[in-house]
Every structure is written in structure tokens, then in C-alpha cells.
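Chemist: Here's my sequence, what's the structure:
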Amino acid sequence: MKIRRNAVLPALVCLVCLAGAPGPTAQEAGSSGAPRKVVIGTVMHWFRGEYPGLDARLGEIAGLVDDTAREAERKYPGEGLDLIVLPEQAVTIGRGNTAAERGVKLAGPVLERMGAAARKHRTYLIVPLDLDEGGGKITNSAVLLDRAGKAAGIYRKAHPVAALGSNTLEGGITPGSDFPVFECDFGRLGIQICFDMSYPDGWKALKDAGAEIVALTSASPQTVRPAAYALFGGYYVVSSTPRENVSVFNPIGRVEAQRKEPGALVHRIDLSHAILHWSPTLEDGRSFTRKYGDRAGYVYYTDEDTGVFWSNDPATPIMTMVRELGMETSAEQIERVRKLQEKVRGGK
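Modeler: Coordinates of the predicted model:
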């Protein structure tokens, strides 16, 4: 399978410029193994009007999960879903103005209804909400449920925002301080929430911890920053927002899939992939098609001279294909050339 993209590359934040030459991504480090296909769903949905009550809101969200599962079956019959991402504060947005008014416990209706939705479709599900953790502590959180509907972990927004003229963070939200990477059966998942996009610390921590996918549950439909962080981190970024777009950004910072109207976006990626830069023998990817046909897939961007390549053949890992064609990954090329440069300079 071959896909070409010619969209303009978004401008990059300073973090990418300062990062230096990238090493192998977490995915490339594991690309010597068999293909690892992951089917991801994300949702654009605006929770409009007055808050309908917790039960009604949970029913609305369960309907979105059902819609996403139907789209997955339409697009990838029989493959199921591995992950669904929902917009920021999906459970509690509109419930009140202060954090205390919005906050709900995880135990009880939230875990019961959302856990049932995850079990029904055998998918990991990210449930965003203002989480009442007791003792007056309310966090803007994203709860990760596993395929059995059990809580597998919680990410608490590290950078809640304060409105102009206010010294209160989102009506009294307590900021989180950790950036966990969750070990899912499909790979290593990180989470960021909306205004976290304005700070690089979480994105760097997820990169350093080997995240392969970062779910961005957000109220803001930004694309420049997520694209930059995807390039910096060498991971996929999957956004869920209420408006404008929901997107899947690949590890070279390009939008690989996008939806611009309300509804579900479902996209399949491969976490055993290789990033290749232009070379005469690559022929913009045609050399893979000529040798392997549909056993290999890729997205190649001629305006970036770079592509993401993967194997569709469980018996032939992508790095086996790369070696059989006498090629090297972009990270390997950068390191090989760096050593040559140092040698000419008289260094190591």
C-alpha cells in the first residue's frame, strides 16, 4: 500500500530545533520484530447546551464509543479497536463553573458505564473528566480503561490554564506532576491534555520514557504544536477535540489522517516501522513496492524527502526489508554522517 501526502509542514516549536539529531524512535528500536498494527479511534464532538445530568452525559459518550466501533468495522473489518480517545473533560464539561461543581468520583456510574463501553468493544478507552479525588482535590484527568473496563491508570493535567485576570486554575483544579507511560497490550501510551501543549516538559518526559503513542485530549484543535511534538518525540500523536479537526500526526510531524467535521476518525498505524530519508535507491518508496508489493506499506512525502515504512508480512519485519534493499534508517544515516564529520574535524 502506498499513500502520498503533499500538505504543508506546520511550523515547529523551538523544542524541535534544540533537540539535535534524533536517535532511533521507540518504534524503530523495536522494528526488527513482526508488524504491530494498532487501530486507533478518535472523536470530534461538541458537548453543547446545558449539562444534561451525569447519566445522560455518560450515555452520550457511550454512543460516541459505539459510533467509533462501527467506523472501525466499516474501515477495517474484523480488526476491532485498540484505543479510543475522547475530548477534554468529556464527562464533566458544562457541569458547573468551579472545579468543585464539576468534579465527579471515578467509582460508581462513571467507571460502571464507561467500563461497560470498553468491555463491549474490547478496546482501551481514555475517559477525560474533572476527577474528585477526595479531600477537596479536583484534577483535570484522563482515566485509561483497559479492554476489560478496569482502570489501568490516570494522567492528571500538569498545566491547567488560568483565564486572563484570574489567579485560579480552571476554577480550582489541582495540577498534576507526573507523566506516566502506560504499558498497553498494543504498545506504550502517554497522555497529554490541552494546555499541556504550551509546555515541553511532559512531551520530553514521554519521549524519554519510550512512549510510542501520545493521546492528546483537548478543548483546542491546534495542529502546529502536536505536529512539532510528534517530530520531536518520534511518536504518533492522536488528538481529540470538540471542533475544527481531529488528527493523527506521525513521527515525522505530518498529519497522516484527519477529520474536519463532527464524528469518529479511525486510523491504523504500525508501531514496528522505519523512517527513511531520501536516497537514489529509495525512489520515493517505489523500490519497496517493486520488491515487496503489498507486503510493504508506506507514506512518503516528496516535499520532506522522508517517509514512514512498515511491513504487512508477519514473516518479514520492516528492518529485514530495509537491509535486503541495502538501505539505512534516517537515524542511522544521521549518526553515520555525524561520525564522518567528527573524523574530518579531527575528533573521535
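
Chemist: By mean pLDDT, which helix or strand of the chain comes out lowest?
Modeler: Using mean pLDDT, DSSP states H and E, strand 2-4 stands out as the lowest-scoring helix or strand of the chain, at a mean of 40.

Chemist: Could you give the number of residues near residue 73?
Modeler: Neighbour count of residue 73, defined by other C-beta atoms under 10 Å: 15. Heads up, the C-betas are built off the backbone N, CA and C, glycines and all.

Chemist: hang on, it in a helix?
Modeler: Yes - counting by DSSP: H, G, I helix; E, B strand; the rest coil, residue 73 falls inside a helix.

Chemist: measure it to residue 271 for me?
Modeler: 22 Å (C-beta to C-beta, to the nearest Å).

Chemist: just residue 234 next, same as before
Modeler: 11 Å.

Chemist: When the two are compared, which one has more neighbours?
Modeler: Ranked by neighbour count (other C-beta under 10 Å), residue 234 and residue 271 place residue 234 first, with 25 against 22.

Chemist: quick check, distance from stretch 285-298 to the centre of its chain.
Modeler: Mean-position distance between stretch 285-298 and its chain equals 26 Å (C-alpha atoms, centre = their mean, to the nearest Å).

Chemist: and the host helix or strand of residue 188, C-alpha only, in PDB?
Modeler: Residue 188 belongs to strand 187-193 when assigned by DSSP states H and E. The C-alpha coordinates for strand 187-193 follow below in PDB (Å, rounded to 0.1, in the frame of the first residue of the first chain):
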ATOM      1  CA  GLY A 187       2.400  -0.600  22.900                       C
ATOM      2  CA  ARG A 188       3.500   2.200  25.200                       C
ATOM      3  CA  LEU A 189       1.000   5.100  25.600                       C
ATOM      4  CA  GLY A 190       1.300   8.600  27.000                       C
ATOM      5  CA  ILE A 191      -1.400  11.200  27.500                       C
ATOM      6  CA  GLN A 192      -1.400  15.000  27.400                       C
ATOM      7  CA  ILE A 193      -4.300  17.400  28.000                       C
END
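
Chemist: what pLDDT, on average, does it get?
Modeler: Here strand 187-193 scores 98 as its mean pLDDT.

Chemist: Quick check, residue 51 in contact with residue 57.
Modeler: Yes - between residue 51 and residue 57 there is a contact at 7.0 Å, judged by C-beta atoms under 8 Å.

Chemist: Between the two, which is the more surrounded one?
Modeler: Legend: neighbour count by other C-beta under 10 Å for residue 51 and residue 57, higher for residue 57 (23 against 15).

Chemist: Summarise which helices and strands the strand or helix carrying the more buried one is packed against.
Modeler: Residue 57 is part of helix 54-75, with elements assigned from DSSP H and E. Counting by 3 or more C-beta pairs under 8 Å, 6 or more residues apart in numbering; DSSP states H and E, the packing neighbours recorded for helix 54-75 are strand 37-44, helix 109-121, strand 263-270.

Chemist: Deepest in the core, which of these is it.
Modeler: When you average the neighbours per residue for each of these (mean count of other C-beta atoms under 10 Å), strand 37-44 leads with a mean of 23.

Chemist: Which neighbours in the sheet does that one have, and how are they oriented?
Modeler: strand 83-85 (parallel), strand 263-270 (antiparallel) (DSSP bridges).

Chemist: Strand 187-193 and the last one, what's the angle between them?
Modeler: If you take axes from the mean of the first three to the mean of the last three C-alpha atoms, to 10 degrees, strand 263-270 sits at 140 degrees to strand 187-193.

Chemist: mean confidence for strand 263-270?
Modeler: Mean per-residue pLDDT for strand 263-270: 98.

Chemist: Residue 67 contacts residue 265, correct?
Modeler: No - with contact defined as C-beta under 8 Å, residue 67 does not reach residue 265; the gap is 10.9 Å.

Chemist: Adjacent strands (with direction) for the strand holding residue 188?
Modeler: So strand 187-193, judged by DSSP bridges, has these partners: strand 182-184 (antiparallel), strand 213-217 (parallel).

Chemist: The ones you listed into CSV, with extra columns for distance to residue 145 and mean pLDDT?
Modeler: Below are the strands paired with strand 187-193 laid out as CSV (distance: least, C-beta to C-beta, whole Å; pLDDT from 0 to 100):
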stretch, distance to residue 145, mean pLDDT
strand 182-184, 11, 98
strand 213-217, 12, 98
